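Engineer: have a look; sequence and predicted model below, questions after that.
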Amino acid sequence: FPVTISAVNNKPRPHMGCSEIGHPCDRWLWLRFRWAVNPEFNGRMLRLFQRGHDEEKKVVEDLRSVGCVVDATGVMQKTAVFGSSIGSSHLMGSADGIISSGLPGFEDIPHLLEIKTHNNDSFLSLLKHGVKSQKPQHYVQMQMYLAAFQLEWALYAAVNKNNDSYYFERVRYNKQTADRYIERGLRLAHSERLPEPISTDPTWYQCKMCDGHAFCHKKEPLKQKNCRTCFHATPTRYRDWE
């Protein structure tokens, strides 16, 4: 019988996450960090998110079965914290794992491990064009972790949710990319002014489905109101606010 599950608020993270820094819009990142934009997900979407978490364990098990030594997974994940030189830890994230050795063909080279699930169309595009082109946010996320953990290579493990196919891609560290997005995250986290939107056109494809569309293009008040949306709220050292 049909069951309806109402939309559920996704509890916002206290920090600016590495998984989001590759988002195309500065304003969205700023609003998200200040809990002014908080997407709502129905039960189906929440189950899909959980599917992604569940796949991580399976991928790690399969990698270990072919000789990989995989550490820092699950509750033991390594956390990347950026901006220590200025006392900031508002920008951070956790990697899915570290392959310290044993990757077939590259046994002596340690790799960052990043695991993502894809629907069939996304997976086929990934096969054809690669992660940097098709999933730039995933690419940026890996570059930031590579910088934080001082690694040269990452292994991107993609799972096709439709048929359980795997796609693996080795991604090399690009310092210029990592530095650019680390600087972006720190700048936005500490900015007191609302950044410009990615477009002033309400029909722009990256704006139409955005949770901030009504605020940016219809001048409607923000639905979310909390201590971070206050005009006087200022992020300080070590994830504090004043």
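Structural biologist: Perfect, thanks for sending it. Numbering: from 1, shown residues only.
Engineer: what's the mean pLDDT across the lengthiest helix in the chain?
Structural biologist: Once the chain is assigned using DSSP state H, the helix that runs over the most residues is helix 43-65. Average pLDDT, helix 43-65: 85.
Engineer: where do the helices sit along the chain?
Structural biologist: Under DSSP H, the chain gives helices at 26-33, 43-65, 120-129, 131-134, 136-149, 175-190, 213-217.
Engineer: now the residue nearest the centre of the chain: how far from Ala36?
Structural biologist: What sits nearest the mean C-alpha location of the chain, by C-alpha atoms, centre = their mean, is Ser19, with 1.2 Å. Here the criterion is C-beta to C-beta, to the nearest Å. By it, Ser19 lies 19 Å from Ala36. C-beta here means a position set from N, CA and C on the backbone, and glycine is covered the same way.
Engineer: dump the residue contacts of the closest residue to Val37 other than its chain neighbours.
Structural biologist: Here the nearest residue to Val37 in space, its sequence neighbours aside, is Leu31; by C-beta to C-beta, 6 or more residues apart in numbering that works out to 4.2 Å. Applying C-beta atoms under 8 Å, 6 or more residues apart in numbering, we find Leu31 in contact with 37, 194, 212, 215, 222.
Engineer: by neighbour count, which of the residues you listed wins?
Structural biologist: Val37 (23 neighbours; other C-beta atoms under 10 Å).
Engineer: pLDDT score assigned to that residue?
Structural biologist: 85.
Engineer: surely it touches Asp211?
Structural biologist: Yes: with contacts counted by C-beta atoms under 8 Å, Val37 reaches Asp211, the gap being 4.8 Å.
Engineer: could you list the low-confidence segments of the protein?
Structural biologist: When residues are selected by pLDDT under 70, those of the chain lie in 1-10, 84-88, 237-238.
Engineer: rewinding a little: I'd like to know which of the contacts of Leu31 is nearest to Glu242.
Structural biologist: Closest approach to Glu242 among the contacts of Leu31 (C-beta to C-beta): Leu194, at 18.9 Å.
Engineer: tell me the contacts of that closest one?
Structural biologist: Counting by C-beta under 8 Å, 6+ apart, Leu194 has contacts 27, 30-31.
Engineer: dump these to CSV, plus distance to Glu169.
Structural biologist: Formatted as CSV, the contacts of Leu194 follow (distance: C-beta to C-beta, whole Å):
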residue, distance to Glu169
Arg27, 31
Trp30, 31
Leu31, 32
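Engineer: right, I'll leave it there.
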